[in-house]
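**Student:** Make a model of this:
(chains A and B)
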Amino acid sequence: MTHIIAVSKAGKDVLTATDPNNFIFHSSYNTFKILAEGTLTSQTVNADPKTFIVAHNLGYAPNFYAFCKFPDGKTAMAGPLSFPYDRDTRVFFTGPSFTPEVDSTNFYFILDKPAGNYNVDIKWYAFEVEL
Amino acid sequence: MKTIRVSLPTYNALTDTNPDHYALYADEDWILIKEKARGTVNGQDENVTHSLNYYPHFYTYGEISPGRFQIMTGYNLFGDFRSFADSTKLYLGNTTGGDKDMRYFIFYDNIPE
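**Tutor:** Numbers count the residues shown, from 1 in each chain, chains lettered A, B, ... in the order given. Reported below is the predicted structural model:
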């Protein structure tokens, strides 16, 4: 007999529920563990592009994710952005891209500098899964 | 309400209310849980059938050079990779002009439509 540990969401019967979305936790499904996390604060983007390098010392390229906080107070995921231009004008392709990369040694956080220097904060998470 | 909490070392599960101090905190729903599938596809315009009949949470990474991976985004005119999902498939593409490895992780967690 297979034994499991499961915690259902409020209002769901843990004994009869079968939809994975109805569980907070279910031992039949893997969960992503955060092995490490870190923050870079007040980093100046003074080149185009500028790459900030952080050693992770894991010995393999981990599954990871990162967020970048810009001077306008907004935090963004990876991708092209409109800062420093007004978001409401929808000026595409003129802002910087935030491009996070990883290998077996380092994280690389790459930012474009379409105009003057600016400062960013970067938050990263490394998960337990090897890419 | 009944709940289950498993705190990280040095934290008191009976009194601590910071979710960041827990290995399991069933008071709230979680993201990044309930992995359905993971794998690698190679090519320029690939897809993976998940058959969930809803839009799943997913992460994708493109191998920009041997052993170096880039987070794939939805659509970046100047980027090398892009990925998106619908209710049946995860789509992975690269515009580098050659075949590339692209890693994916699909979760059971439903992104509300």
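**Student:** Can you give me the end-to-end span of stretch A:106-124?
**Tutor:** End-to-end span of stretch A:106-124 (C-alpha to C-alpha, to the nearest Å): 12 Å.
**Student:** likewise stretch A:64-76?
**Tutor:** Stretch A:64-76 end-to-end distance (C-alpha to C-alpha) = 15 Å.
**Student:** how about the strands in chain A?
**Tutor:** For chain A, applying DSSP state E gives strands covering A:6-8, A:23-26, A:34-45, A:50-55, A:62-69, A:75-76, A:79-80, A:97-102, A:106-111, A:118-130.
**Student:** so which of those strands is the most packed in?
**Tutor:** Neighbour counts (mean count of other C-beta atoms under 10 Å in any protein chain shown) averaged over each of the strands of chain A peak at strand A:97-102, with a mean of 24. No exception for glycine: its C-beta is placed from N, CA and C like everyone else's.
**Student:** Report pLDDT for residue 111.
**Tutor:** Picking chain A for this. What the model reports for A:Leu111 is a pLDDT of 91.
**Student:** The intended chain is chain B.
**Tutor:** pLDDT, B:Ile111: 73.
**Student:** Let me see the contact set for it.
**Tutor:** Applying C-beta atoms under 8 Å, 6 or more residues apart in numbering or on different chains to B:Ile111 gives the contacts B:54-57.
**Student:** if we go to 10 Å?
**Tutor:** B:54-58, B:85 (C-beta atoms under 10 Å, 6 or more residues apart in numbering or on different chains).
**Student:** Relative to B:Gly43, how far out is A:Leu111?
**Tutor:** As judged by C-beta to C-beta, to the nearest Å, A:Leu111 and B:Gly43 stand 29 Å apart.
**Student:** who wins for proximity to B:Gly74 among the strands of chain A?
**Tutor:** strand A:79-80 (7.0 Å; C-beta to C-beta).
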